[in-house]
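Trainee: pasting the sequence and the predicted coordinates here, then a few questions.
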Amino acid sequence: MLVDYVPSESFLHRLDVRTKLVWFCSCIVAVFLFDHPVYAAAVLALLLTALLLSGLPSHGVKRVSLMLLPVFVILFLVTVFSHEPEEFKDAFSQTVILFLFPDRVAPLTVGGILLGITICLRIMVMVLASLLLTLTTPVDDLLQASQRMHVPYVVAFIVTTAIRFIPTMEQKATMVLDAQRSRGADLDSGGLIKRIRVFSSVLVPMIIDSIRMSENLAMALLNRGFGSSRRIVFLDEIHMKRRDYIALATNFLLLAIVVVLYFQSFGRL
Amino acid sequence: MTQQPNPNERLQVVFEDVTYRYPRGTDDVLRRVELGIRENEFVAIVGRTGAGKTTLLSMVNGLIPHFFEGEIAGRVLSAGIDTQRSPATTMARVVGMVFQDAETQILANTVEKDIAFGPSNLGQDAETMKRNIAAALERTDLCGYERRSPSGLSGGEKQRVAIAGVLAMEPPILVLDEPTSELDPEASAHLFTLCDRLCTEQRMTLLLASHEAERLLDHAKRIIVIDEGKICWDGDPRSLYSDVGACHHRGISVPVIAELMWNLRQRGIRIDDPLPLTLDEAVPVVAGLFSGSKKNIASITSSAPRPAQRRVLIDVRSLSHHYNGTRDALNGIDLQIARGEFIALVGKNGAGKTTLAKHFNGLLKPTAGKVIVSGKDTNRYSIGTLSKTVGYVFQNPDHQIFCPSVREEVEFGLRTMEGLTESDIASRTAEALRAVGLEDRSARHPFTLGKGERQKLAVASVLARAPEVLVIDEPTTGLDMEGGRAMMAMIRRLHRDGHTIIVITHDMQLAADHAERVIVLSHGSVLADGTPEEIFLQPDLLRRAGLTTPPVAALSLALQAKGIDLRCVAMNRFEEIADMQHNAGAANAR
């Protein structure tokens, strides 16, 4: 399963949800400040280290990366050929390796290649940061955090419930796919009309099933007293501990370095 | 026959002349229901699909009218509270309800947090909440599951989490709507034991809808039969199941032993009242039938010779499969399936039944070893090709139905095949619909059909592609007695018409009644492979596989201990033997 909570006692699990949210935002900001791939690679390395140290299963990450591979390839190719040498400030980046078409059209520059790598790394960082957050944080904690931040409970509940049901929908999708493929539905070939038909053979049962599930869910909510009191009491109140303050301090220090580097024009191409 | 409640005892659930119709409905779903359920009672609600069981239960906790509107006449009181006048949130404190689909009742991503959901909504303080959660975990045998993620739990465990979730809100009444219909026998037995305990130790009032006659006989104190929205019977399980004819007339299943005894009586064999309902009661009665003429039995029971070796259709050679490099799902399976066989694939949940079957049409590819289907190595052919030989009917028909008419649904599988003309498609569709008995439904929208008919439609849509082999996963799960019988009759017909049938099932009596060969899987390996008699008369073997001995086999074994060697596991066969014995006895007497 991709985004399913994995119960454990790792350091990431023990961190407060708010600490993790701050780290999450910082990582995203950091990778978007710099165009040079070294910086995005450093953030990615940091996240991968966290993943390995916390003992989380890595097959989810592998699966997502494989699923995104075509996206990476397309993004990379588009980026690589869509930048004129003048767009780069650095002389090395301006170096043109070749032109895709005659008359100096679609140049392949060193800067383009580097930027292409950065863009792919940025996506990986976002994916990995989201995974680390959802794999190590109970939905309940996210709810509490949003309540503390004065997000209306119902809104927060809808979001967290959607997260909770992603693995369920994944299982349902597998069942529907298996059933249709067993009737000869070929999802990878055929003309447009045929494909639309095959696609709807998967989509329609999924939609009908989701509607049925949402009705069941609504009944279950009513049955569990959802909305009966304005004040929601949580089982384990989230609170910041010493390790959270250490983690936050580290985060702010690194972020300060990042900002300084940015204003010193590091990481530009 | 309605029991008059004793006015001195406190009534927990009261229906006062209740009639109900769904919005835009044309018929009343409940008609003039009068009902009183005492504190601490364990009441079962039975009836055919669509009789009004769920409607009745939904009125107890106020889902009707707070969630489903409609026209209500009369009054429902739960723990003294008028369900129509009190908001749903008040009702949640008084009545806990558990539904069939466990998945949508679990809202958090750890067991403990999910159980806490109800109490937090009620605004319980942290101390009370912790105490209630601990108690709920203990009562549902879930201690140690606190931090587990629901997606890693089995169906039975999920259903127990759902029960714990409502128990933590401390309601005096618990309502369960077919909680075991998607569970394996072991999980279902566990759930019923748990219900017993809630009733006796916690003094809760339980209302439960179920199709499982054997368990209701053992556990329920009172059974209410609903037919067409009316309560048509109300009393203790024993008297209900003693009149098998009336039960069948109302579309409800009876314990296997009761049915067997009833059928013997129908054949003119003298079975005195009261009708034996359990194994212990049946053994002396049946032993009496066979006493004094033991020499006859051997000749009667010599079963038909096994058919000569037929052409192998599916050849499984040292097949292993594992998911995601984690645990082994299948290890080293060797198996041959011949044309025309009727096979039951049995085993506990997680034993590898579905994983094995998915290799037959190439949905899964071997991690090691080979599967050869009709001469084709599944590693080298696509599902599209293999599924022309092996048709796979999944458990839930709603996971595949997507067309606006029954006819188009069946045609879908044909349009994926090359080289068929429109007239071929039309004739094959008609033929498939005829084979499953849906020929008069071809223009209907699939979702206007009942569950049993949708299941048949799923079979037809696979059948139209004319596969030699049909794999059918849990053909009768979720169907009532009539639906289940119609389904099995249809499968038998398909088998007679030359199809090779592989049925995956939890229902051991179904396997014993219908299959020619039973394959027992356990922990991803074949534990045993033989005729139903060879398999089901070995209680030790079944126990090792985590299975239970089906009732007729258990009866045979008990008789064997008394020196009567029938070696019979199928109900029909048992009746035939008893009948022959009876006739022989009558002839001797003359």
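Mentor: Okay, I see it. Residues are numbered from 1 along each chain as shown, chains lettered A, B, ... in the order given.
Trainee: contact partners for B:Phe99?
Mentor: The contact partners of B:Phe99, by C-beta atoms under 8 Å, 6 or more residues apart in numbering or on different chains, come to A:216, A:219-220, B:105, B:162, B:177, B:179. Bear in mind the C-beta positions are built from the backbone N, C-alpha and C, glycine included.
Trainee: need the pLDDT of it.
Mentor: B:Phe99 carries a pLDDT value of 92.
Trainee: reformat the contacts of B:Phe99 as CSV; add secondary structure, pLDDT and distance to B:Leu137.
Mentor: Output for these, formatted as CSV (DSSP: H, G, I helix; E, B strand; the rest coil; pLDDT from 0 to 100; distance: C-beta to C-beta, whole Å):
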residue, secondary structure, pLDDT, distance to B:Leu137
A:Asn216, helix, 91, 24
A:Met219, helix, 91, 24
A:Ala220, helix, 92, 19
B:Gln105, helix, 93, 16
B:Ala162, helix, 96, 13
B:Asp177, strand, 94, 23
B:Pro179, coil, 93, 18
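Trainee: which among those residues gets closest to B:Arg85?
Mentor: Closest approach to B:Arg85 among these (C-beta to C-beta): A:Met219, at 20.0 Å.
Trainee: low-confidence stretches in the stretch 151-269 of chain A?
Mentor: A:190, A:230-231 (pLDDT under 70).
Trainee: circling back: going by distance to B:Leu63, which of the contacts of B:Phe99 wins?
Mentor: A:Met219 (5.9 Å).
Trainee: show me the contacts for that closest one.
Mentor: Here A:Met219 is in contact with B:63, B:67, B:97, B:99 (criterion: C-beta under 8 Å, 6+ apart).
Trainee: burial count for B:Asp398?
Mentor: 20 (other C-beta atoms under 10 Å in any protein chain shown).
Trainee: what does the one 5 residues further on give?
Mentor: Burial measure for B:Cys403: 20 neighbouring residues, criterion other C-beta under 10 Å.
Trainee: so how far is B:Ser154 from B:Arg160?
Mentor: 10 Å (C-beta to C-beta, to the nearest Å).
Trainee: please enumerate the helices of the stretch 151-269 of chain A.
Mentor: A:153-181, A:192-223, A:242-263 (DSSP state H, counting those that start in this stretch).
Trainee: distance of B:Asp272 from chain A?
Mentor: 48 Å (C-beta to the nearest C-beta, to the nearest Å).
Trainee: what is the burial count for that residue?
Mentor: With neighbours defined by other C-beta under 10 Å, the count for B:Asp272 comes to 9.
Trainee: now do B:Leu527
Mentor: Neighbours of B:Leu527 (other C-beta under 10 Å): 19.
Trainee: these two touch, right, it and B:Leu542?
Mentor: No: the criterion here is C-beta atoms under 8 Å, and B:Leu527 misses it with B:Leu542 at 9.4 Å.
Trainee: ok, now which ones touch the residue of the stretch 51-200 of chain A found nearest chain B?
Mentor: Nearest residue of the stretch 51-200 of chain A to chain B, counting by C-beta to the nearest C-beta: A:Gly184, 3.4 Å away. A:Gly184 is in contact with B:383-384, B:387-388, B:413, B:416-417, B:465, counting by C-beta under 8 Å, 6+ apart.
Trainee: wait, B:Ala554 sits on B:Leu279?
Mentor: Yes: counting by C-beta under 8 Å, B:Ala554 touches B:Leu279, with 5.5 Å between them.
Trainee: counting neighbours, go ahead and name the busier of the two.
Mentor: Legend: neighbour count by other C-beta under 10 Å for B:Ala554 and B:Leu279, higher for B:Ala554 (21 against 17).
Trainee: and the residue sitting nearest the centre point of chain A, what's its pLDDT?
Mentor: Centroid-nearest residue in chain A, with C-alpha atoms, centre = their mean: A:Val127, separated by 2.8 Å. The model reports A:Val127 with a pLDDT of 90.
Trainee: I'd say it and A:Leu68 touch.
Mentor: Yes: counting by C-beta under 8 Å, A:Val127 touches A:Leu68, with 7.0 Å between them.
Trainee: would A:Gln147 count as being in a helix?
Mentor: Yes: counting by DSSP: H, G, I helix; E, B strand; the rest coil, A:Gln147 is part of a helix.
Trainee: so what's the residue count around it?
Mentor: 17.
Trainee: before we move on, what about B:Leu153?
Mentor: 18.
Trainee: what does B:Leu313 give?
Mentor: 21.
Trainee: pLDDT weak spots in the stretch 301-450 of chain B?
Mentor: B:301-309, B:324-328.
Trainee: would you map the strands across it?
Mentor: B:312-322, B:328-338, B:342-346, B:368-373, B:376-377, B:390-393 (DSSP state E, counting those that start in this stretch).
Trainee: now these in a markdown table, with distance to chain A?
Mentor: Formatted as a markdown table, the strands of the stretch 301-450 of chain B follow (distance: least, C-beta to the nearest C-beta, whole Å):
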| stretch | distance to chain A |
| --- | --- |
| strand B:312-322 | 13 |
| strand B:328-338 | 15 |
| strand B:342-346 | 16 |
| strand B:368-373 | 13 |
| strand B:376-377 | 15 |
| strand B:390-393 | 4 |
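Trainee: how is the residue sitting furthest away from the middle of chain A assigned, secondary-structure-wise?
Mentor: Centroid-distance maximum for chain A: A:Asp103 at 40.3 Å, with C-alpha atoms, centre = their mean. With three-state DSSP as the basis, A:Asp103 sits in coil.
Trainee: next one: phi and psi at the residue lying closest to B:Asp272 once chain neighbours are set aside?
Mentor: The shortest distance from B:Asp272 to any non-neighbouring residue, by C-beta to C-beta, 6 or more residues apart in numbering or on different chains, is to B:Val285 (7.7 Å). Here is the backbone geometry of B:Val285 (degrees, to the nearest 10): phi -60, psi -50.
Trainee: what residues does B:Val285 make contact with?
Mentor: Contacts of B:Val285 (C-beta under 8 Å, 6+ apart): B:261, B:271-272, B:276.
Trainee: possible to save those residues as a markdown table with distance to B:Met169?
Mentor: Formatted as a markdown table, these follow (distance: C-beta to C-beta, whole Å):
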| residue | distance to B:Met169 |
| --- | --- |
| B:Met261 | 44 |
| B:Ile271 | 48 |
| B:Asp272 | 50 |
| B:Pro276 | 43 |
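Trainee: show me the contacts for B:Pro87.
Mentor: B:His66.
Trainee: my error: substitute A:Leu269 in the last question.
Mentor: Contacts of A:Leu269 (C-beta under 8 Å, 6+ apart): A:35-36, A:88-90, A:93, A:111, A:114-115.
Trainee: again, only using 6 Å
Mentor: Neighbouring residues of A:Leu269 by C-beta atoms under 6 Å, 6 or more residues apart in numbering or on different chains: A:35, A:88, A:90, A:93, A:111, A:114.
Trainee: just to check, the second one is in contact with A:Gln94?
Mentor: Spelled out, it's A:Phe88. Yes: in this structure, A:Phe88 is within contact of A:Gln94 by C-beta atoms under 6 Å, at 5.0 Å.
Trainee: more neighbours: those two, which one.
Mentor: Shown here are A:Phe88 and A:Gln94; by other C-beta under 10 Å, A:Phe88 has more neighbours (21 against 18).
Trainee: okay, that one: pLDDT?
Mentor: 87.
Trainee: not counting residues beside it along the chain, what's closest to it?
Mentor: Going by C-beta to C-beta, 6+ apart, A:Phe88 has A:Gly111 as its nearest residue, at 3.8 Å.
Trainee: what about that neighbour, how many residues close to it?
Mentor: 26.
Trainee: now do the contacts for it.
Mentor: A:Gly111 neighbours (C-beta under 6 Å, 6+ apart): A:88, A:93, A:269.
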